[in-house]
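> One predicted model, sequence on top.
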Amino acid sequence: MASATKLPLLEFKAGRCFRTTGTDTVKPDPTKGLVYLEEEDGLMHFFWKNRISGEIEDDLILFPGDAELIAVPQCTTGRVVMLQFKSSSQKLFYWLQEVSTARDQIILQHVNSLIHSQEDEEEYLDEDAAMEDVEATPVADSAPAIAPSAAFAPAAPVASSTTNPTTTAPAAAGVAGGSALTAQQMDQLRHLLGGLQVPQQQQRSNLRLDHILTPGAVAPLLNNPEICAALFPHLPESSERTPEEIQAIVRTPQFSQALVSLSTALESGQLGPLLRQFGLGPNAGNGVEGFLSSILEQAKKDKN
Amino acid sequence: MADSGNWCLIESDPGVFTGLIKGIGVSGVQVEEIYSIDKETLEDLKPVHGLIFLFKWQGRDPASATNQAPIEYENPDIFFAQQVITNACATQAILSILLNSRTIELGEELSNFKTFVSDFPAEIKGHAISNSDVIRAVHNSFARSDPFINEMGDPNSKEKEDLFHFIAYTPINGCLYELDGLQEGPRNHGPAEGDAWLEKVGPIIQERMARYEGGEIRFNLMAVVDDRIKVYQEKVAAYEAQLKTLQDKEGADAGAWLKGEIENLRGDIVKEEGKREKQARENKLRRHNFIPMIYEILKGLAQEEGRLEGLIEEGRTRAKAEAENAKQRKAAAAAAGGDDAGAEEDVDMYD
């Protein structure tokens, strides 16, 4: 599957819909777009590309069985579909821009079978074969066996020496309200973290994110309302959406711990696939330095 | 033993323990950290169901060799479980107190568990705790997302990494018991009717602490007590009734001291509510996934010319200084020949 001529598993024209702040209604955005599913590094990606600019603006990783694409019956004037995650409250809305409505049901079925099929390869192969008969758009040429990479398979708890409490695996379910990572992904991340053995000597001398993101470093940033608006969705659900609250959170020991643990995870070099969720380059998972330089690169690209 | 990987380290924090107790379905109790075992402190917290004492484990427990309290191997009235996994030991100490109480409302889950394990020998009881999905799930829900809690510690001291151990003291059937999962059974410290155990336990714990070499300051003491707000409210109600009787007899101006007491208690309730809010907030933050937020902050900094680059430079300086400090401290500790290398470091205690 890693060939250069990779075709998407499925694509359809669709625009995005956004929730009107403070209400329960979503409004369609007129921008022409394309939704397509692709498998990368053993992970199923759900992309939304702006057909005018060619920019990929949504890139979500769908874990087996964790999401569902369903039609929104409340919408009577257009064809709005919702991508709903099972392990979190995250919902994304799109409106179908295909001229014909004939394929609508098939699109939904196919997306769901692709998400689902990661759980059960055999079923996927059967369904895919059935689908190809009715599908007109470019779908998978061959029958790819989409299996989550071993690293992301629900890992068996890592047994470690009982006398060493520092290397035991955490297995808690993450609560990822409104964050880019679903609870299940977070859970898998934690499994992953638990399986790593990081040489402590190396860990110690390295730069960590808590060396950089001190409360003093973050404070001036919060004068920028745009940055605050980007941060609000990622605060804990019960937190107020104010710059003061962000500053208060940045000062908590829990935030510092998160910086330390993310640094540790980055140093392990195994976070690459998850960081691509943020649209970062392949170098992002390469230690704290790699992560930081990817962010700098991304910012430079965004400017141009 | 292989199951230990399923149990996360959780912070030794009263808010975490209170949340844990509530999560298992037990109502009406909370955990308070106490900083001294004097009479007034304990008096103020009554009713106390038990104390949890945490200390640094040194491979051997200096107190156990001289512990005069006899072990009761077979006492069907006592819930005693041997510790089979390290990370669960705080939870186990709490369970030792809860499951031996005659007054705490255990809730369905824990009541069923108690019935289920009642006939098991101590070792199997320990396994039953470690295998309980419910207890483990609640315990783990308080896990930090960071599995490497000691990455700040001395990388070369791996072979003598600090372990912390929790033991419970609680009154059962009019005697004070010490429940230590690493012992073969509960130790009976002798008769103590009613609240008398609270006076008895102080010297026992103090003696334990004294057995550690000077400089060992990593002790931690917590009490399982009744819901403080409920206690205050009941006191307020009692004082109000008293005040009414007094005023009916002597007029509206009577009972100034009662009015003062009521006001103080109301202040205590407000304080307690504030504390709970803070704990609830901390627990939420413990469970929050901060990765998207961290990313957005870094992205915001990167958007301003040179801002992030500058901060990274500062960060490198900080990291270097930190490594340098650690080296010096280690050298100083080695020079002192101290067995306690790093004892002055500010290390959080976990289990």
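Received it, and whenever you're ready, just let me know what you need. Numbering: from 1, shown residues only, chains lettered A, B, ... in the order given.

> which residues of chain A fall in strands?
A:10-19, A:26-28, A:33-40, A:43-50, A:56-62, A:67-71, A:80-85, A:91-96 (DSSP state E).

> Turn these into TSV, columns for mean pLDDT.
TSV is the format used below for the strands of chain A (pLDDT from 0 to 100):
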stretch	mean pLDDT
strand A:10-19	85
strand A:26-28	80
strand A:33-40	85
strand A:43-50	85
strand A:56-62	83
strand A:67-71	85
strand A:80-85	86
strand A:91-96	86
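
> Any idea which residue of the stretch 1-150 of chain A lies closest to chain B?
Going by Cβ to the nearest Cβ, chain B is nearest to A:Ser88 of the stretch 1-150 of chain A, at 9.6 Å. Any C-beta I mention is one placed from the backbone N, CA and C, and that applies to glycine too.

> where does that residue land on pLDDT?
A:Ser88 carries a pLDDT score of 73 in this model.

> cool, and A:Leu207?
Confidence at A:Leu207, expressed as pLDDT, is 89.

> picking up where we left off before, next, find the distance separating the residue of the stretch 1-150 of chain A closest to chain B from A:Asp29.
From A:Ser88 across to A:Asp29, the span is 23 Å (Cβ to Cβ, to the nearest Å).

> between those two, who's got more neighbours?
A count of neighbours by other Cβ atoms under 10 Å in any protein chain shown puts A:Ser88 above the other of A:Ser88 and A:Asp29, at 23 against 15.

> For that one, grab phi and psi.
phi -150, psi 180 (degrees, to the nearest 10).

> tell me which helix or strand of the chain sits lowest on mean pLDDT?
Here I'm looking at chain A. helix A:121-134 (a mean of 39; mean pLDDT, DSSP states H and E).

> hmm, I had chain B in mind actually
Ranked by mean pLDDT, DSSP H and E, the helix or strand of chain B with the weakest confidence is helix B:62-66, at a mean of 57.

> moving C-terminal of it, what's the next helix or strand?
helix B:89-100 (DSSP states H and E).

> is the longest helix along chain B anywhere near chain A?
In chain B, ranked by residue count with DSSP state H as the criterion, the top helix is helix B:256-287. Yes: judged by Cβ under 8 Å from any Cβ of the partner chain, helix B:256-287 comes into contact with chain A at B:281-282, B:284-287.

> on that earlier part again, pull up the gap between the residue of the stretch 1-150 of chain A closest to chain B and A:Ala67, please.
Applying Cβ to Cβ to A:Ser88 and A:Ala67 gives a distance of 10 Å.

> And A:Leu213, by the same measure?
31 Å.

> Just want to know which of the two has more residues nearby.
A:Ala67 (26 against 22).

> Next up, the contacts around that one.
By Cβ atoms under 8 Å, 6 or more residues apart in numbering or on different chains, the contact list for A:Ala67 reads A:46, A:83-86, A:115.

> Could you do A:Asn50 as well?
Each residue near A:Asn50 by Cβ under 8 Å, 6+ apart is listed here: A:31-33, A:56-57.

> who's it bridged to?
Judged by DSSP bridges, the bridge partners of A:Asn50 are A:Gly33.

> what does A:Val80 give?
A:Trp95.

> related to what we said a few turns ago, does anything pack onto the longest helix of chain B? Which helices or strands?
Contacts defined by 3 or more Cβ pairs under 8 Å, 6 or more residues apart in numbering or on different chains; DSSP states H and E place helix B:256-287 against helix A:253-267, helix B:14-23, helix B:228-250.

> Dump those to TSV, plus distance to A:Thr23, mean neighbour count and mean pLDDT.
Shown next, in TSV, are these (distance: least, Cβ to Cβ, whole Å; neighbours: other Cβ atoms under 10 Å in any protein chain shown; pLDDT from 0 to 100):
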stretch	distance to A:Thr23	mean neighbour count	mean pLDDT
helix A:253-267	31	22	86
helix B:14-23	34	21	91
helix B:228-250	37	14	94
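
> looking at those, which is closest to B:Glu207?
Closest approach to B:Glu207 among the helices and strands packed on helix B:256-287 (Cβ to Cβ): helix B:14-23, 24.5 Å.

> which residues of chain B score low on pLDDT?
Along chain B, the model assigns pLDDT under 70 to residues B:1-6, B:57-67, B:144-163, B:213-217, B:336-351.

> Kindly recompute the last result at 80.
Applying pLDDT under 80 to chain B flags the ranges B:1-12, B:56-68, B:74, B:85-89, B:142-164, B:210-218, B:330, B:333-351.

> With adjacent residues omitted, what lies nearest to B:Pro70?
B:Asn188 (5.8 Å; Cβ to Cβ, 6 or more residues apart in numbering or on different chains).

> Quickly find the element holding that neighbour.
Applying DSSP H and E, one finds B:Asn188 within strand B:187-191.

> With only the CA atoms kept, save that strand in PDB.
The C-alpha trace of strand B:187-191 is given here as PDB (Å, rounded to 0.1, in the frame of the first residue of the first chain):
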ATOM      1  CA  ARG B 187      -1.500  -7.200  64.000                       C
ATOM      2  CA  ASN B 188      -3.500  -6.600  67.100                       C
ATOM      3  CA  HIS B 189      -2.300  -3.600  69.100                       C
ATOM      4  CA  GLY B 190      -4.600  -4.400  72.000                       C
ATOM      5  CA  PRO B 191      -8.000  -3.200  73.300                       C
END
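
> continuing past that strand, what's the next helix or strand?
Next along the chain from strand B:187-191, counting by DSSP H and E, comes helix B:196-210.

> Check which helices and strands the helix or strand harbouring B:Ala128 sits against.
If you go by DSSP H and E, B:Ala128 is part of helix B:122-131. The helices and strands touching helix B:122-131, judged by 3+ Cβ pairs under 8 Å, 6+ apart, are helix B:89-100, helix B:107-117.

> hmm, 10 Å instead?
Here helix B:122-131 touches helix B:89-100, helix B:107-117, helix B:133-141, going by 3 or more Cβ pairs under 10 Å, 6 or more residues apart in numbering or on different chains; DSSP states H and E.

> Turn those into a markdown table, columns for distance to A:His110.
Shown next, in a markdown table, are these (distance: least, Cβ to Cβ, whole Å):
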| stretch | distance to A:His110 |
| --- | --- |
| helix B:89-100 | 47 |
| helix B:107-117 | 43 |
| helix B:133-141 | 36 |
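
> For A:Leu296, which of these is the nearest?
helix B:133-141 (36.3 Å).

> Give the next helix or strand downstream of that closest one.
Next along from helix B:133-141, by DSSP H and E: strand B:163-172.
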